[in-house]
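Asks: A predicted structure for the sequence below; I have some questions about it.
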Amino acid sequence: MTELEFEYLRTFLKQRSGLALTAEKRYLVESRLTPVCRRFNLAALGDLIGALKLGQDGAIERAVVEAMTTNETFFFRDRIPFDLFRDTILPEALARNASKRRLRIWCAAASTGQEPYSLAMLLQEAGPKLAGWQVEIVATDLSTEVIEKAKLGLYSHFEVQRGLPVQWLIKYFTQIGEQWQIAQSLRSMVDYRQLNLLHSFTSLGQFDVIYCRNVLIYFDAPTKSDVLARLAAQLAPGGALLLGAAETVIGLTDRLSPNPKQRGLYGHAEPVGRTPEMAAPMRVAAGV
């Protein structure tokens, strides 16, 4: 692949997915796109780039974007964001929404479904606390391929061994051959949709909790700022936004501010001039 072809691919990926492909990541291109060449009977990466330039094959375009985006995930990834949901975010959201008895959660980079299903299990465990509540988990991802896998809820032995407590594997999964399928009751709790975060998502409405973890790290600063500003608009008053451990809003938007006691947790920034006594920041449970 020539330098011009690589630059074309960088521009293509930036426009289609927000992925900022740096020069030092060039080595990834051959390993991830060579299988795409074989799938579409193209002899070399140059031919693949040529097909992209023609812009006449949406299947090739989607395959390139999906091959170059990362879908690494596992159940209860990094644990703390889920302990925080169980111990602090959920109780406060239930108190805040007691009059309308409705809770909306958005997993904005759901990948193959482990994150939304982890939250669904926590909600099931909450049991009577949610009796009579309308609870909705919307899970979106750029990749149609991973969304289809997530809908099926089928996972390998390796996937269910990563982060999932054994007792919950037994409780919420059924073994089918060499795979494990999550219970239909949990699959029905999640509304999966294909969505590109570069495009408008106002139609989704507002959410009490937004998980957008480990996706902004692949964007450049202007794209991060744009996405964060639009996430803030979809976050309900008093709501919680959770980002990955390597992600932040600092220096990117003034509409969101970090929780000083919990890394990765953000909420609406307080209006300028509001005193601390007037603010009601989310509390963090002791020991979390």
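Replies: All right, it came through fine. Numbers count the residues shown, from 1 in each chain.
Asks: give me the pLDDT value at Arg274.
Replies: pLDDT, Arg274: 47.
Asks: what do you get for Tyr27?
Replies: 78.
Asks: neighbours of it, just the number please.
Replies: Neighbouring residues of Tyr27 were enumerated by other C-beta atoms under 10 Å; the total is 8. To be clear about C-beta, it is placed using only N, CA and C from the backbone, and glycine gets the same treatment.
Asks: can you check Val190 too?
Replies: 23.
Asks: same thing with the one 4 residues further on?
Replies: Using other C-beta under 10 Å, Gln194 is surrounded by 13 other residues.
Asks: report the contact partners of it.
Replies: The contact partners of Gln194, taken as C-beta atoms under 8 Å, 6 or more residues apart in numbering, are Thr140, Asp141, Leu142, Ser143, Thr144, Ile147.
Asks: give the contact list for the residue nearest to the first one when sequence neighbours are not counted.
Replies: In this structure, Thr140 finds its nearest non-sequential neighbour in Leu195, 3.7 Å apart by C-beta to C-beta, 6 or more residues apart in numbering. Shown in contact with Leu195 (C-beta under 8 Å, 6+ apart): Ala108, Thr140, Asp141, Leu142, Phe201, Leu204.
Asks: pLDDT check: weakest of those?
Replies: Of all the contacts of Leu195, Leu142 carries the smallest pLDDT score, 91.
Asks: phi first, then psi, for the residue nearest to Thr140.
Replies: Main-chain torsions, Leu195, degrees, to the nearest 10: phi -150, psi 130.
Asks: now Tyr192
Replies: According to degrees, to the nearest 10, Tyr192 has phi -90, psi 140.
Asks: secondary structure element holding the residue nearest the centre of the chain?
Replies: Most central in the chain under C-alpha atoms, centre = their mean is Ala109, positioned 2.0 Å from the mean C-alpha point. Using DSSP states H and E, Ala109 sits in no helix or strand.
Asks: swap in Gly267?
Replies: Assigned by DSSP H and E, Gly267 falls in strand 265-268.
Asks: show me what that strand is packed against.
Replies: Of the remaining helices and strands, those touching strand 265-268 by 3 or more C-beta pairs under 8 Å, 6 or more residues apart in numbering; DSSP states H and E are strand 235-243, strand 256-258.
Asks: hmm, try it at 10 Å
Replies: Counting contacts by 3 or more C-beta pairs under 10 Å, 6 or more residues apart in numbering; DSSP states H and E, strand 265-268 is packed against helix 80-84, helix 221-234, strand 235-243, strand 256-258.
Asks: tell me which stretches of the stretch 101-250 of the chain form strands.
Replies: 102-107, 134-141, 154-156, 173-176, 179-182, 190-194, 207-212, 235-243 (DSSP state E, counting those that start in this stretch).
Asks: any chance of those strands in CSV, with distance to Ala229 too?
Replies: As requested, these are exported to CSV (distance: least, C-beta to C-beta, whole Å):
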stretch, distance to Ala229
strand 102-107, 16
strand 134-141, 18
strand 154-156, 35
strand 173-176, 39
strand 179-182, 34
strand 190-194, 21
strand 207-212, 13
strand 235-243, 11
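Asks: may I ask which of the contacts of Leu195 has the most neighbours?
Replies: Asp141 (28 neighbours).
Asks: next, the contact list for that residue, please.
Replies: By C-beta atoms under 10 Å, 6 or more residues apart in numbering, the contact list for Asp141 reads 66, 69, 71, 73, 107-113, 147, 149-150, 192-197, 215.
Asks: centroid-wise, who is the farthest residue in this protein?
Replies: Quick read of the chain (C-alpha atoms, centre = their mean): farthest out is Ala43, 34.5 Å.
Asks: list the contacts of that residue.
Replies: Cys37.
Asks: please identify the helix or strand for it.
Replies: Using DSSP H and E, Ala43 falls outside every helix and strand.
Asks: pLDDT at it, what is it?
Replies: Looking at Ala43, the pLDDT reads 89.
Asks: same check, this time on Ala280
Replies: Ala280 is given a pLDDT of 41.
Asks: quick one: closest of the helices and strands packed on strand 265-268 to Gln181.
Replies: Nearest to Gln181, of all the helices and strands packed on strand 265-268, is helix 80-84, at 21.2 Å by C-beta to C-beta.
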